[in-house]
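Asks: Quick check, what structure comes out for this input:
(one chain, ligands or ions: 1)
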Amino acid sequence: MVIVSVRPQARERDRCPHCRRRCPGYDWGEGRRRWRALDLGTTFCYLEAWAPRVSCREHGVVVAAVPWARHDSGFTRAFEDQVAWLAVHTNKTAVAELMRIAWRTVGSIILRV
Ligand SMILES: [Zn+2]
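Replies: Numbering: from 1, shown residues only. Have a look, this model is predicted:
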């Protein structure tokens with residue numbers, strides 16, 4: 001397993017995940033978080049970063065947006081896009097096996113994408 005430590009560029013930081021507006025920081029949230037990224041060959045790969053919360057005028061206290069993943073997802077955008085593409089071209093069981101995720105997870109990823 002490979003864990004890559006990342007952080008958003010300055011202009012991508014402190015943004016509300018719903019309206020993308022820049023917001024004042026609130027707190028450090030639940031600390032560091034991991035997102036499943038596309039495998040490196042057969043090796044599982046994860047991105048790890050701080051997941052601070054921001055206080056949005058319109059949406060309240062929310063976990064700040066990150067450029068590599070959708071809101072409320074434990075997977076990177078690229079991972080989810082690949083799952084969605086595969087789901088269109090093959091069946092859910094094949095997608096789950098190839099991507100090494102639970103069958104039900106395929107469904108929730110498709111809903112987000
Ligand atoms: Zn907002």
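Asks: Give me the distance between the most centrally placed residue in the chain and residue 94.
Replies: The centroid of the chain falls nearest to residue 69 when counting by C-alpha atoms, centre = their mean (3.0 Å). Going from residue 69 to residue 94 by C-beta to C-beta, to the nearest Å gives 24 Å. For glycine as for every other residue, the C-beta is placed from the backbone atoms N, C-alpha and C.
Asks: I'd say the residue nearest to the centre of the chain and residue 77 touch.
Replies: Yes: look at residue 69 against residue 77 with C-beta atoms under 8 Å: they come within range, at 5.7 Å.
Asks: what sits up against stretch 89-100?
Replies: For stretch 89-100, contacts defined as C-beta atoms under 8 Å, 6 or more residues apart in numbering pick out 39, 44, 79, 82-83, 86-87, 101-103, 105-107.
Asks: quick one: the helix ranked longest in the chain to chain centroid distance?
Replies: With secondary structure taken from DSSP state H, the chain has its longest helix at helix 77-89. For helix 77-89, the gap between its own C-alpha mean and the chain's C-alpha mean amounts to 13 Å (C-alpha atoms, centre = their mean, to the nearest Å).
Asks: Next: stretch 67-81.
Replies: 3 Å.
Asks: Would you agree residue 94 falls within a helix?
Replies: Yes: counting by DSSP: H, G, I helix; E, B strand; the rest coil, residue 94 falls inside a helix.
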